[in-house]
Structures are given as C-alpha cells and as structure tokens.
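Novice: Have a look; sequence and predicted model below, questions after that.
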Amino acid sequence: MCSPRHCAQQVNAGTVRLALVGDVHGHWSSEDAEALAWLNADAVILVGDFGEEDLELIYKVAVLQVPKAVMLGNHDAWFSLTARSRTRWHRGTQRNAVRLGYAGGVAASKGVEEDSQGSTCYDGVRAQLRALGNAHVGFGSLRVRAASGQELSIVGARPFSKGGGDARWRDVQAFYATMYLVQSPEESARRIVAEALLQPPGAPIVLVAHNGPAGLGSAQHNICGVDFSPNEGDHGDDDLTAVLRELAAAGRHVPLVVFGHMHQQLKGGGQRDMVAISATTGTVHLNAAVVPRGPPGAWRVVRKEALLRSADSGDPHRLVRRAWHAFSREWEPVVSPRL
Ligand SMILES: [Zn+2]
C-alpha cells in the first residue's frame, strides 16, 4: 500500500482525503499528533468524547498543526449537560477543581469566569470551546480546499449530543438554551440547515455530528441502535434527520455524514454496523466510534481514512466503504508514522 503522502500526489481531481478520529475517551498521546500530521489529509475530523470535560486533552487537540474540524460530545459536557450531571458537578466541585483544573483558583489562571447566575458548572464546556475556537464546528462550519483543488464544506450539527432524539430533549434543554440560545430540536435543525445553505453550491457538504441521525434502524446492531437496554431502539437524533431531509428538499446533496458516540463494540457482545447508506439520497453515514482504538502497543492513532469523491465525480459510496474496511480490518497498522 502506498504511503498517504505518495497517494496524495496521485489523487484525481475531485478527491478529498479525510482522516477521521472517533471517540477518544482519554486515550491520546504525542504519537496521535505525529500520525495525523504524517497522514497529510486535507482535513482531520474528530467527532468528540475526548474525556470527561478533559481540558488538558482538548488543549493538545487545539494545537494540532493540521486542518481540523472538531465536534464535542456528551462526555465533553460531563458535568454540565443534564440536571443530573450538574448535580454531580456541584457535589464534587472541590474535587473537580483539583482534578480538572478549571474551577476555583486554577480556573482563574486560565481566565474562566462565572456565568450570570453565579454558577460555574458550565465553565469546563466554555473553556473547551474557547481553546478550540473556530476549529469547533458545532452549529458552525469549516471550508476546506483539498490538494486536488476540490472544495468541501464541513458543517457541524448540534454539539454535545447524548442521543435519544426528541424524547430526551427535556434532559438537555437547559444546557442548549444557556449555551446556544437553542430552545428545541426544531430550532436546532433550523440553525444547522441555515449554516449549510450558506455554503457555496459547488462545494459538497460533509455533515459532522457527535451522534448520528434517527431513522437508520432500531436494532442494537444498527448504526445508532440502542445496545444498553434489552428493548433496543433507535438512539439517533431527530434534529439531524430533519436537517438531512430539508437539505435534500433544497437540492443540496450531502455525500457523507460522520459521527461517533455509539460504540462499535456492543454491550451485550457483537459488533455494530458502522456504515449505512441511504437508499433514497445515497448519503453515506459513517460511525467512527471504534473504542478502544486498538490493542495495547498497536498503532492506535487514526482508525480509518475515508476517501470521498465529490457528488459529481465517480462513486463516493464505494470509495468510502472500501476505505472503511481497509482501515478497520483487525486494527493492523496499515500505515505507520514511524516508517
Ligand atoms: Zn458520546
């Protein structure tokens, strides 16, 4: 297999090379940064759950010297997202201040301020967002010009999603109202659609989310299926489904949706389907949440690389699917930053 740098010189016009990093969950080292730089992708997409509001890890991601689009996940709002988690924060404030380094005196040194209610339970989230700046694409976007000359728009869905669709909105409504002034799933969808429609018509849109859309199956092995309850069910997000529906109605094709959150390894045993292709729109849905990222000692940096052709050149689906299988097979180090 050719090296990524060698392949990059051979890509056809219209090809975009993306490196995808699934849920990190605390496993990050300097090798990760080295490998991402070595891959020389047109963009690196990281789909969140770096740790439990792990600001130190986010600082390392923020300084990666690669073009990157970051989507923060529900674990990145571990002490903030729900009433239950905020209670957890308040009970453990002093312990968290020491362990997480963003509250009290430690926080002051990093410029973390209290909010208007005098509560600091959102400080960890705000500090992460400040550290990432424009690299965080939640409710935003990032435009990429690939080495091939192809332009691409990466549009971010609702950040910090814990999944479960509209039925679970009540759990998180205070968080989104405070952090984003978003009051409902419908408002979330409208905001994402508005951002997508701002993108240049000639640039394919890649949607990046933490959790995938609803409607892709309700069995536990489905790409967003519930595996933590014997009842199974669809754990996808309804607002993201609405976004895809509205963009299709507006004539904007979305060739690829990338997300994580629902791990490949199922809780009851077995493995999740990590690719789903819409029969109606042809959109490829790619779940990158392979956790952990590899056996100890293995090259566990970038789990797969998706080659994506633009909507009007070639068959994007076949390429994405082939790349997925090539890079996820037994976690072999098919490319190595140490060659
Ligand atoms: Zn998650």
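Specialist: Cool, got the structure.
Novice: C-alpha from now on. contacts and neighbour counts both.
Specialist: OK.
Novice: distance between the ends of stretch 192-204?
Specialist: Stretch 192-204 has an end-to-end distance of 15 Å (CA to CA, to the nearest Å).
Novice: now do stretch 44-64
Specialist: First-to-last distance for stretch 44-64 - CA to CA - comes to 10 Å.
Novice: ditto for stretch 244-260
Specialist: Stretch 244-260 has an end-to-end distance of 17 Å (criterion: CA to CA).
Novice: Is it in proximity to the ion?
Specialist: No. Stretch 244-260 does not reach the ion (CA under 5 Å from the ion); its nearest approach is 6.9 Å.
Novice: List of residues touching that stretch?
Specialist: The contact list for stretch 244-260 (CA atoms under 8 Å, 6 or more residues apart in numbering) reads 22-23, 47-48, 193, 196-197, 201, 204-212, 281-289, 310-311, 316-317.
Novice: Which among the residues you listed count as buried?
Specialist: Neighbour counting with 16 or more other CA atoms under 10 Å marks 22-23, 47-48, 193, 196, 204-212, 282-289, 310-311, 316-317 as buried within the contacts of stretch 244-260.
Novice: Out of these, which are close to the ion?
Specialist: The overlap between these and the neighbours of the ion (CA under 5 Å from the ion) is empty.
Novice: Cross-reference the residues you listed with the strands and report the matches.
Specialist: Mapping the buried ones among the contacts of stretch 244-260 onto strands (DSSP state E) picks out Ile205, Val206, Leu207, Val208, Val284, His285, Leu286, Asn287.
Novice: Apart from its neighbours in sequence, what residue is nearest the closest residue to the ion within the chain?
Specialist: Residue nearest to the ion within the chain (CA to the ion): His261, separated by 3.7 Å. Residue nearest to His261 in three dimensions, not counting chain neighbours: Asn211, with 5.4 Å by CA to CA, 6 or more residues apart in numbering.
Novice: So the one you found sits against Ser161, correct?
Specialist: Yes. In terms of CA atoms under 8 Å, Asn211 counts as a neighbour of Ser161; the distance is 6.1 Å.
Novice: thinking again about what came up before, residue contacts, the residue nearest to His261?
Specialist: Counting by CA under 8 Å, 6+ apart, Asn211 makes contact with Ser161, Lys162, Gly163, Cys224, Gly236, Asp237, Phe259, Gly260, His261, Met262.
Novice: switch to 10 Å and redo it
Specialist: 47-48, 71, 73-74, 157-165, 223-224, 235-237, 240, 258-262, 287, 289 (CA atoms under 10 Å, 6 or more residues apart in numbering).
Novice: for Gly51, same thing?
Specialist: Residues in contact with Gly51, defined by CA under 10 Å, 6+ apart, are 23-28, 57-58, 72-78.
Novice: now those: which count as buried?
Specialist: Buried members of the contacts of Gly51, counted by 16+ other CA under 10 Å: 23-25, 28, 57-58, 72-78.
Novice: which one of these is nearest Val66?
Specialist: Comparing these against Val66 with CA to CA picks out Ile58 as the nearest, at 14.6 Å.
Novice: tell me the contacts of that closest one?
Specialist: For Ile58, the contacting residues are Phe50, Gly51, Leu72, Asp76, Ala127, Gln128, Leu129, Ala131, Leu132, by CA under 10 Å, 6+ apart.
Novice: does it sit in a helix or strand, and which one?
Specialist: Assignment of secondary structure by DSSP states H and E places Ile58 within helix 55-62.
Novice: and for the following helix or strand past that helix, what are the contacting residues?
Specialist: Sequence order places strand 68-70 as the next helix or strand after helix 55-62, per DSSP H and E. With CA under 10 Å, 6+ apart as the test, strand 68-70 has contacts from 18-21, 36, 41-48, 61-62, 132-138, 141-144, 154-156, 159, 208-210.
Novice: Show the buried residues in those.
Specialist: Neighbour counting by 16+ other CA under 10 Å classes 18-21, 36, 41-48, 61-62, 132, 134-138, 141-144, 154-156, 159, 208-210 among these as buried.
Novice: Counting only helices, which of these make the cut?
Specialist: Assigned to helices by DSSP state H, the following of these qualify: Leu36, Val61, Ala62, Leu132.
Novice: Tell me the one among the residues you listed nearest to Ser184.
Specialist: Leu132 (25.3 Å).
Novice: contacting residues for the closest one?
Specialist: Ile58, Tyr59, Lys60, Val61, Ala62, Val63, Lys68, Ala69, Val70, Met71, Leu72, Arg126.
Novice: can you rerun that using 6 Å?
Specialist: By CA atoms under 6 Å, 6 or more residues apart in numbering, the contact set of Leu132 is Ala62.
Novice: ok, it to Leu152 distance?
Specialist: Leu132 is 21 Å from Leu152, where distance means CA to CA.
Novice: got the residues of this protein near the ion?
Specialist: Residues of the chain that fall close to the ion, judged by CA under 5 Å from the ion: Asn74, His261.
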